[in-house]
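Asks: mind folding the following:
(one chain, ligands or ions: 1)
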Amino acid sequence: VAAALVADLAAFRDRHRLDRVVVVNVSSTEPVPDPHPAHARLEALSVALCEPGTVLPPSSLYAYAALRAGCPYVDFTPSTGARLPALAELAQAQRLPYAGHDGKTGETLVKSVLAPMFAMRNLAVRSWSGINLLGGGDGASLAEPGANAAKSVSKQRVLGETLGYVPEGTTSIEYVADIGDFKTAWDLVTFSGFLGTGMRLEFTWHGCDSALAAPLVLDLARITAAAHRAGRTGPLTELAFFFKDPLGDVDHALSAQWEALRRFVTGLE
Ligand SMILES: NC(=O)c1ccc[n+]([C@@H]2O[C@H](COP(=O)([O-])OP(=O)(O)OC[C@H]3O[C@@H](n4cnc5c(N)ncnc54)[C@H](O)[C@@H]3O)[C@@H](O)[C@H]2O)c1
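Replies: Below is the predicted model:
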């Protein structure tokens with residue numbers, strides 16, 4: 001399967017006479033796969049892929065094929081994708097950049113602006129709970145418990161990273177077929193201020209998933225192509241602005257991520 005994908009990517013590049021192709025994963029969220037010893041090293045992975053049985057989840061098989069075909073890889077989903085040591089090794093060997101994970105287009109985008117505000121004003125967040133209602137194909141996939149768990153982990157990371165502690169609360173995702181491509185997120189935050197005075201904030205976000213995601217996918221493809229052209233290899237941590245669960249040890253506050261992105265893009269020009 002990997003060889004067929006590599007051939008398809010190479011044929012696409014040749015047919016359109018392209019200098020480079022960036023592969024962006026926008027397929028359905030997968031459950032976290034079972035660990036496999038071949039995930040640790042490229043050599044072991046290359047051997048295991050020639051043997052019977054499933055070694056990689058589809059997102060990682062696509063990442064493997066993209067990197068083998070000489071294409072940078074971007075993961076817009078919370079799936080495993082290139083997030084395996086063997087694939088990081090392959091990206092380095094092929095001198096290719098990669099980016100991810102999970103586009104930040106709705107509730108987490110708002111969280112990454114509000115959470116730093118609480119931290120800067122020294123307002124202690126006691127709980128932060130969110131309910132996401134979504135329809136469309138993504139909503140239907142996320143109704144499956146394994147995929148739902150992978151997405152919920154990705155959505156909660158921003159709080160611990162920006163506040164320095166994890167407040168009480170969870171993020172849940174429910175499928176409501178009737179709302180189609182639109183998504184509603186309702187969040188309740190309780191916090192305490194001077195002399196421990198308890199207060200609360202609520203917000204409701206109504207977003208159109210496709211309209212929010214499409215421009216990010218286009219920017220990611222363009223910026224990753226520019227990074228490849230400039231000779232950048234390995235994880236593109238400067239693209240954290242786009243992701244809920246970014247690669248590397250990076251700042252999770254949106255304003256800091258924006259500055260990092262601006263510096264990065266300016267440096268590529
Ligand atoms: N705002 C957004 O739309 C947004 C934001 C962040 C992350 N994401 C992520 O992007 C992904 C896509 O979201 P969507 O709303 O477009 O979902 P969708 O269900 O509308 O589309 C997913 C598509 O992937 C296809 N697919 C499933 N498995 C595949 C495989 N192995 N190979 C090739 N194609 C496969 C499905 O047939 C479907 O056409 C999801 O993982 C979602 O969590 C979307």
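Asks: which parts of the protein are helices?
Replies: Using DSSP state H, the helices found in the chain span residues 2-15, 42-48, 58-68, 85-94, 107-120, 136-142, 145-163, 209-229, 254-268.
Asks: the last one versus helix 209-229: what angle between them?
Replies: Direction vectors for helix 254-268 and helix 209-229, defined by axes from the mean of the first three to the mean of the last three Cα atoms, to 10 degrees, enclose an angle of 40 degrees.
Asks: cool, and the fifth one?
Replies: Put simply, helix 107-120 runs at 80 degrees to helix 209-229, going by the same axes, to 10 degrees.
Asks: got the contact list for the closest residue to residue 44 other than its chain neighbours?
Replies: Closest residue to residue 44 apart from its sequence neighbours, by Cβ to Cβ, 6 or more residues apart in numbering: residue 38 at 4.3 Å. (Glycine included, C-beta is placed from N, CA and C.) For residue 38, the contacting residues are 44, 45, 47, 48, 49, 55, 86, by Cβ atoms under 8 Å, 6 or more residues apart in numbering.
Asks: for the closest residue to the ligand within the stretch 51-200 of the chain, give its distance to residue 180.
Replies: Using Cβ to the nearest ligand atom, residue 137 is the residue of the stretch 51-200 of the chain that sits closest to the ligand, at 2.1 Å. With the distance defined as Cβ to Cβ, to the nearest Å, residue 137 ends up 10 Å from residue 180.
Asks: please apply the same query to residue 52.
Replies: 41 Å.
Asks: more neighbours: these two, which one.
Replies: Using other Cβ atoms under 10 Å, the more surrounded residue of residue 52 and residue 180 is residue 180, with 15 against 6.
Asks: surely the more buried one touches residue 134?
Replies: No. Counting by Cβ atoms under 8 Å, residue 180 does not reach residue 134; the two are 9.1 Å apart.
Asks: run through the residues that contact the residue of the stretch 51-200 of the chain closest to the ligand.
Replies: So residue 137 contacts residue 28 (Cβ under 8 Å, 6+ apart).
Asks: now do residue 32
Replies: Contacts of residue 32 (Cβ under 8 Å, 6+ apart): 80, 146, 149, 150.
Asks: count the neighbours of the last one for me.
Replies: Applying other Cβ under 10 Å, we find 23 other residues in the vicinity of residue 150.
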